[in-house]
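Trainee: Here you go, sequence then predicted model.
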Amino acid sequence: MIPLVRLATPTDTSNLQQLNDTVFQTLNTTCDPDFTPSWSFTPPAQNYFSSITSPRNENFCYVVEIDDRLIGYINGSPKRYSYRTGTYLEIENLAVHPDFTNQGWGTKLLALSEDFAKSHGFNRLVLSCYAQNAAALDHYTKHGFTTLSLELQKNL
């Protein structure tokens, strides 16, 4: 079992979709009543995963592979705020397969995103997380993230 951490390539698209579905299906349907079940396999998702595996200067997608099995990934892109002076890199997704959680992979992937951000001139990382996802909130807080804003919603 030799782990490999590398930048994603277009050939990873279908494996990313499967991993995303495995990791987020239950969480998203529990935390977000508007979540589309099996979103990972919809045409918009196909386009999204194809785009994150295509190399671009300021975007990144790192994957963790063990024995040719994709077990984790993190991806992000610049987040532009016209009303802020900082340069922001947004972590869009961080996922680790349930069989491999609590083994340091999330920490390793966060560190890679921080290194990427610094080497590309960004001075802040931002991300969103469901308020009910206590494990993720704890993980991010442990790694120096603080609450900047809250997104609220009201059912009509």
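Mentor: Everything's here; your move. Numbering: from 1, shown residues only.
Trainee: From here on, just use CA atoms for contacts and neighbour counts.
Mentor: Noted.
Trainee: Strands of this structure, start to end?
Mentor: All strands of the chain, identified by DSSP state E, fall at 3-7, 60-66, 69-79, 88-96, 124-127.
Trainee: just checking, what packs against the first one?
Mentor: It refers to strand 3-7. Strand 3-7 sits against strand 60-66, with contacts defined as 3 or more CA pairs under 8 Å, 6 or more residues apart in numbering; DSSP states H and E.
Trainee: The second one too?
Mentor: In terms of contact count using 3+ CA pairs under 8 Å, 6+ apart, strand 60-66 is assigned the packing partners strand 3-7, strand 69-79, helix 105-119.
Trainee: Residue 40: which of these is closest?
Mentor: For residue 40, the closest of the helices and strands packed on strand 60-66 is strand 69-79, at 14.3 Å, according to CA to CA.
Trainee: could I get that closest one in CSV with only the CA atoms?
Mentor: What follows is strand 69-79, C-alpha atoms only, in CSV (Å, rounded to 0.1, in the frame of the first residue of the first chain):
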residue,chain,number,x,y,z
ARG,A,69,-7.7,3.7,-6.0
LEU,A,70,-8.6,7.3,-5.6
ILE,A,71,-9.3,7.8,-1.8
GLY,A,72,-9.2,11.6,-1.5
TYR,A,73,-9.1,14.9,-3.3
ILE,A,74,-9.1,18.7,-2.8
ASN,A,75,-9.7,21.3,-5.4
GLY,A,76,-9.9,25.1,-5.5
SER,A,77,-9.9,28.2,-7.6
PRO,A,78,-9.5,32.0,-7.1
LYS,A,79,-12.4,33.7,-5.3
